[in-house]
Structures are given as C-alpha cells and as structure tokens.
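Peer 1: Sharing a sequence plus its predicted fold:
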Amino acid sequence: MVSSEQRRRQLAREKYERQMERRATAAAARRRRNTILGASLAVVVLAGGGALVGSGAFSSDKDDKKDVSAASTPQSAPTQPTEPAMPTRKPVEGCTDPAPGAPNGKQWKAEPAMSVDQAASYTMALDSNCGKVTIALDAAKAPHTVNSFNFLAGEHFFDHTKCHRLTTDGIFVLQCGDPTASATVPGGTGGPGYQFKDENLSGATYPAGTVAMANSGPDTNGSQFFLVYKDTKLPPSYIPFGKITGGLDVVQKIAAAGTLEGAPDGHPMADVTFNSVTVSKG
C-alpha cells in the first residue's frame, strides 16, 4: 500500500518534472526565435549595404525587443554620391569632329635605342581636328627627346590622343601626349611605359612657340609635352626640344576658347585630338 505521504511526494515530484519540462520547452522555443531573428537582421544588413549592424543569434530577450523595433523601422535606401554634371562643350571655330579611332595603347619597357642623327634637322607635324601645327625639333640639344618622339610617332602612338590640359593664367600652355586622356576625364598619368633622363635644361626658357616635355619630377620624361602659346615663366625643369614654325595661331585659337570648366586650368573647350602625328627628317 502507498501511504498518503508517499502519494503526496510522488505528485509533487511529477509536478516539478512537468514544470521543468515546460521551462525547457520554453527555453528551446526562445532560442529558435532568437536564431530566426538574428538571421532576419543579417538579411536586413546585407540588403541595406551595411547600413545597419544587426545583433547575432545569441541576443537576450531585451536585445531582441530592440532589434525587432530596429528591423521593423523603414530604412532609407543608400544613395550614391551625385557626380557634378559635366559642362556643355561649345563649338570652337576652326575645329571639326576628330577622325574616328582610338589610341593604340602600345607600351614599352625601355627607352628606344638611339636612331636619330644629331646633326640632322627633324620636323614634327601635329595634324589635329583644329588645324595643323609644325615643329622644328632640336636633335642637337635634345637628342634623347627627339629620338623618343621619332620612335613614338613611327609607332602611331600619338594618333587619336587628346590634348587634355589648357592653362590660361600665369602659365600659358596646351598639354598633350597622354594616351589615357579623354575629353571629359583628366589625364596626366599616361605614358609609353618608359621614362628617360632630363637634357637641355641649362638656361632653359619658355617663350611663345616653345615645345617642351611635361614631367612629374626629374628624369621622368615620357610622352606628354606642352605647347607654349604665350611667353611663360617656368623653372628650367622641362626639356625644351622644339619650336613651333607653323600653326601657333591654331594653338592660340584653342587657348582663346578657354577651358571646358571655365577655370584657368582645365580641359580645353575645344576637343583637341591628333588625327596623326609624324616626324620627318630633313
């Protein structure tokens, strides 16, 4: 026979076991809810491009309430920064559409071997969509520079390249020779893949008509050069290697049209592009 006291203890034990089972079930349900909530917030973070920081799966009930509120609050979509509109390019008298084509993008690891005759005369012709410019090259004083231009022109490296920079205050130059430059994206970093050392810098000056190398420091000459259309004071740091003998008025006309941005330093308003560049001896 089971005494009343034994029966009472059995009922109490069964009641305790039922309570513990309910608590375990509730805890398991809470863990599942938290896991699902954590996963949902992770989706919100990914969808929002990292705009939110969701809690992990092991959050407390208090944190869960905060996270539910954050997840249920509408979030504004991330926006991309608005790029300033490019100014409208205006027609420039004497300039036509460039010939179809693009720079060939050739690159070389080293300066070409010397092939020019330092005692001979060389002429470079810049045939652009705004007119032709002819330049007498000085092979005697700047042999490496003239040799490089002779080589690059022969490889059609400059064909379809643009003059990417015009300065109209203090410095009066039109800069060209960057194969990576476009009509709207600033150039200034492109070159042939090699660089050569400075030369002909002693006492260098830059009167109107001078053609000189652009660079990023000593001995960093590549393919970029500038045409001086008005007397300009510069330190003797840029190799003068030629003189404009025809078409200075073409460069001055381009300069008179100003820059696309309206600033004293920017893209030329004229979309100056070389249809071809050639170097001839004699």
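Peer 2: Ah, there it is.
Peer 1: what about residue 105, how many neighbours?
Peer 2: For residue 105, the count of nearby residues is 10 (other CB atoms under 10 Å). From N, CA and C alone the C-beta is placed, and that goes for glycine too.
Peer 1: worst-scoring helix or strand of the chain, pLDDT-wise?
Peer 2: When the helices and strands of the chain are scored by mean pLDDT, DSSP states H and E, helix 61-72 comes last with a mean of 39.
Peer 1: What strands line up against whatever helix or strand comes next after that one, and which way round?
Peer 2: Using DSSP states H and E, the helix or strand that follows helix 61-72 towards the C-terminus is strand 122-128. Sheet pairing of strand 122-128 (DSSP bridges) gives strand 131-137 (antiparallel), strand 274-281 (antiparallel).
Peer 1: Of those strands, which stretch is the most buried?
Peer 2: Mean neighbour count (mean count of other CB atoms under 10 Å) peaks for strand 131-137 among those, with a mean of 20.
Peer 1: gap between residue 239 and residue 162?
Peer 2: Residue 239 sits 22 Å away from residue 162, going by CB to CB, to the nearest Å.
Peer 1: Sorry, slip of the keys, the one I care about is residue 93.
Peer 2: For residue 93, the distance to residue 162 equals 19 Å [CB to CB].
Peer 1: out of those two, which sits in the more crowded spot?
Peer 2: Ranked by neighbour count (other CB under 10 Å), residue 93 and residue 162 place residue 162 first, with 25 against 9.
Peer 1: residue contacts, that one?
Peer 2: Neighbour list for residue 162: 176, 178, 181-183, 187, 271-274 [criterion: CB atoms under 8 Å, 6 or more residues apart in numbering].
Peer 1: 6 Å instead?
Peer 2: 181, 273 (CB atoms under 6 Å, 6 or more residues apart in numbering).
Peer 1: For beta bridges, what are the partners of it?
Peer 2: With DSSP bridges as the criterion, residue 162 is bridged to residue 178, residue 273.
Peer 1: nearest spatial neighbour of residue 240, skipping sequence neighbours?
Peer 2: Using CB to CB, 6 or more residues apart in numbering and skipping residues adjacent in sequence, the residue nearest residue 240 is residue 212, 4.6 Å away.
Peer 1: Helix or strand next in line after whichever strand or helix holds that neighbour, which one?
Peer 2: Element membership for residue 212, per DSSP H and E: strand 210-213. Using DSSP H and E, the helix or strand that follows strand 210-213 towards the C-terminus is strand 225-228.
Peer 1: helices or strands up against that following strand?
Peer 2: With contacts taken as 3 or more CB pairs under 6 Å, 6 or more residues apart in numbering; DSSP states H and E, strand 225-228 sits against strand 171-176, strand 210-213.
Peer 1: so which of those strands is the most packed in?
Peer 2: When the helices and strands packed on strand 225-228 are compared using mean count of other CB under 10 Å, strand 210-213 is most buried, at a mean of 25.
Peer 1: What's the mean pLDDT across that one?
Peer 2: Across strand 210-213, pLDDT averages out at 98.
Peer 1: out of the helices and strands packed on strand 225-228, nearest to residue 192?
Peer 2: Closest to residue 192 of the helices and strands packed on strand 225-228, according to CB to CB: strand 210-213, at 12.4 Å.
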